[in-house]
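>>> fold the stuff below for me.
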Amino acid sequence: MLSRTIWRRALTLALITVVACEIPSRVSLSGNEATRLDVSPKLLTLQQNQAADFTAVGFTSTGDTADVAINWSTTSGSITDTTTINGKHHGRFKAGSDTGKVKIVVRGKSTSTVRGAGSKGFVAIVRPGFRSAWSARGALRRR
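This next block holds a predicted model:
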């Protein structure tokens, strides 16, 4: 008798464990809602008319990568969305002929859960012969 009771309790515990694993831990409408966007690199120095690649990633509140639709924008030059793989958006920035501080902005599209939220990267566009990255960072702060 005692072994039958132990067997039933063990079976009940195993069944509860299996069922509990199938229950989602939090309710989500889309299953993978982004709450934050990050762009990298955060700081970059380029010469006039050079190009560089940026990456933008959406994250859930738990820090997991999320699928999110984004828009790239820049205050000078141009940026295009090149590819999106596993939630990572890759953008190609092309500096213009002017010099100075340029802001790269990534925002969630209006249909996403992070609309209005965004992240920024900065580019210092310098003339040829400008060699010091530290000086470029100072130039970004001064403008």
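>>> which stretches of the chain form strands?
Ranges of strands within the chain are 36-40, 43-47, 51-59, 65-66, 70-74, 78-85, 88-94, 100-108, 118-126, based on DSSP state E.
>>> mind putting these in TSV, mean pLDDT included?
Converted to TSV, these look like this (pLDDT from 0 to 100):
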stretch	mean pLDDT
strand 36-40	87
strand 43-47	89
strand 51-59	90
strand 65-66	84
strand 70-74	89
strand 78-85	92
strand 88-94	93
strand 100-108	87
strand 118-126	71
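>>> of these, give the one that comes closest to Ile6.
Taking CB to CB, strand 65-66 is the member of the strands of the chain nearest to Ile6, at 44.4 Å. To be clear about C-beta, it is placed using only N, CA and C from the backbone, and glycine gets the same treatment.
>>> pairing partners for that closest one, with directions?
strand 51-59 (antiparallel) (DSSP bridges).
>>> and the contacts of the strand it pairs with?
For strand 51-59, contacts defined as CB atoms under 8 Å, 6 or more residues apart in numbering pick out 34-41, 44, 46, 65-68, 70, 72, 79, 82, 87-95, 104, 106, 108, 112, 114, 119, 121, 123.
>>> narrow the residues you listed to those that are buried.
The neighbour count (16 or more other CB atoms under 10 Å) marks 34-37, 39, 44, 46, 66, 68, 70, 72, 79, 87, 89, 91, 93, 95, 104, 106, 108, 112, 114, 119, 121, 123 as buried among the contacts of strand 51-59.
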